[in-house]
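Need coordinates for the following:
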Amino acid sequence: MMEKIQKALTIRSVTIREMLAEALGMYILMVFGLSAVAQVVLGRQNFGQYLNINLAFGIGVTLGIHAAGGISGAHLNAAITITHCILGNLPWMKLPVYVIGQFLGSFTAAATVFGIYYDALYDYSKGNFTVTGPTATASIFSTYPAPYMSLPGSFFTEFLATVMLHLGILIIHDEKNNRALRGMEALLTGILVLGIGMGMGMNTGYAINPSRDLPPRIFTAIAGWGTDVFTAGHHWWWVPITAPILGSLTGVFIHKIFIDFHNPPVMACGNEKGQTAVEVSTL
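Residues are numbered from 1 along each chain as shown. Just a heads-up that it's a prediction; the model follows:
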């Protein structure tokens, strides 16, 4: 009986399976991360502090990669997907498939966290959902620059953080260098995200991922925060889209110039699909 049910539910289209894998991986990542932010903000730091948020995003990244890695490679980041398309590692026709999956998972995660914490949100803000001010709650779902940050400074922060993200990923998976042990890649990528948050999160909240930032921002615009989510922080919303893409490409360039071009190639071995899954896993 179970075999019949499994056969009926099995999706044979590789493209659809990749989209669903990206959606689930992103959903797991974002539920862990956003719920931690909600608990810290709404609990007025009585239920955790900034480190809790960093740890939750790191755990979410690790589990998201394990969930999607064997099917889609677990990009979980539109900037990473675009970079792989530019480098020729992924066909351009798959770009919308991956991004739609990522955005679907992220948007659904934001809606989930909103539902879990709706009563707490209402109590904290007295029903007035705002982007700025003493009871602002929009930052639970998307990133916003600190009040002291200029737009160029915010852009550079997101750019550099994403450079370190993709550079770190390439180092973890570098077959020609001192790569991580097999099976440890997801955990180390989660630790990498944890480190970025602990060291470069104060200025802008380290979005480092268009798929992490834009879908929840759209959700908050719909759910009651309004268009202020797109105008706050000197119209900040476009920075977490463009800066991570440029940062991701720069991270690849730096790795090739300083490391990759100087090392001899290694003999290909193992399952090609498995190698792809290991190579491109990320936030």
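
For the rest of this, base every contact and every neighbour count on C-alpha atoms.
Will do.

mind listing what Pro264 touches?
Lys176 (Cα atoms under 8 Å, 6 or more residues apart in numbering).

Pull up the per-residue confidence for it.
In this model, Pro264 is scored at 78, pLDDT.

Quickly find the element holding it.
Assigned by DSSP states H and E, Pro264 belongs to no helix or strand.

do Thr108 as well
For Thr108, the element it lies in under DSSP H and E is helix 95-116.

Give the other helices and strands that that helix contacts.
helix 14-42, helix 78-87, helix 210-220 (3 or more Cα pairs under 8 Å, 6 or more residues apart in numbering; DSSP states H and E).

Can you give the contact residues for that helix?
Here helix 95-116 makes contact (Cα under 8 Å, 6+ apart) with 15-16, 18-28, 30-31, 34-35, 38, 76-78, 81-82, 85, 141, 211-212, 215-216, 218-219.

Would you mind listing which of those are buried?
Taking 16 or more other Cα atoms under 10 Å as the criterion, what is buried in the contacts of helix 95-116 is 18-28, 30-31, 34-35, 38, 76-78, 81-82, 85, 141, 211-212, 215-216, 218-219.

could you dump the helices and strands packed on helix 95-116 to CSV with distance to Gly70?
Putting the helices and strands packed on helix 95-116 into CSV (distance: least, Cα to Cα, whole Å) gives the following:
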stretch, distance to Gly70
helix 14-42, 9
helix 78-87, 16
helix 210-220, 20
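
I'd like the ones you listed as CSV, with distance to Ile191 and mean pLDDT appended.
Below are the helices and strands packed on helix 95-116 laid out as CSV (distance: least, Cα to Cα, whole Å; pLDDT from 0 to 100):
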stretch, distance to Ile191, mean pLDDT
helix 14-42, 13, 97
helix 78-87, 18, 97
helix 210-220, 17, 98
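
Of those helices, give the one that comes closest to Phe258.
Closest to Phe258 of the helices and strands packed on helix 95-116 is helix 78-87 (Cα to Cα; 17.7 Å).

Checking Ala207 next. Helix, strand or coil?
coil (DSSP: H, G, I helix; E, B strand; the rest coil).

Could you check the pLDDT of it?
For Ala207, the model assigns a pLDDT of 97.

Quick check: phi and psi on it?
When read as degrees, to the nearest 10, the backbone of Ala207 gives phi -60, psi -50.

Return the residues in contact with it.
142-143, 158, 213, 240.

Which members of those are positioned in helices?
Judged by DSSP state H, helices contain the following of the contacts of Ala207: 158, 213, 240.

Just put those in CSV and tack on neighbour count and distance to Gly64.
Compiled in CSV, those are given as follows (neighbours: other Cα atoms under 10 Å; distance: Cα to Cα, whole Å):
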residue, neighbour count, distance to Gly64
Glu158, 28, 22
Asp213, 25, 16
Pro240, 28, 20
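
ok and the helix or strand containing Tyr124 relative to helix 95-116, angle-wise?
Tyr124 belongs to helix 118-125 when assigned by DSSP H and E. With axes from the mean of the first three to the mean of the last three Cα atoms, to 10 degrees applied, the angle from helix 118-125 to helix 95-116 works out at 70 degrees.

low-scoring stretches of the protein, by residue?
Low-confidence segments of the chain, defined by pLDDT under 70: 1-2, 4-9, 266-283.

cutoff 90 now
The chain contains residues with pLDDT under 90 at 1-13, 44-48, 127, 175-182, 260-283.

so what's Leu194 up against?
Counting by Cα under 8 Å, 6+ apart, Leu194 has contacts 54-55, 57-58.

quick one: which of the residues you listed sit in helices?
Among the contacts of Leu194, the members falling in helices (DSSP H) are 54-55, 57-58.

closest to Ala136 among those residues?
Among those, and counting by Cα to Cα, the member closest to Ala136 is Asn54, at 20.2 Å.

Please report how far the closest one lies from Ala243.
For Asn54, the distance to Ala243 equals 20 Å [Cα to Cα, to the nearest Å].

Right, I'll call it a day here.
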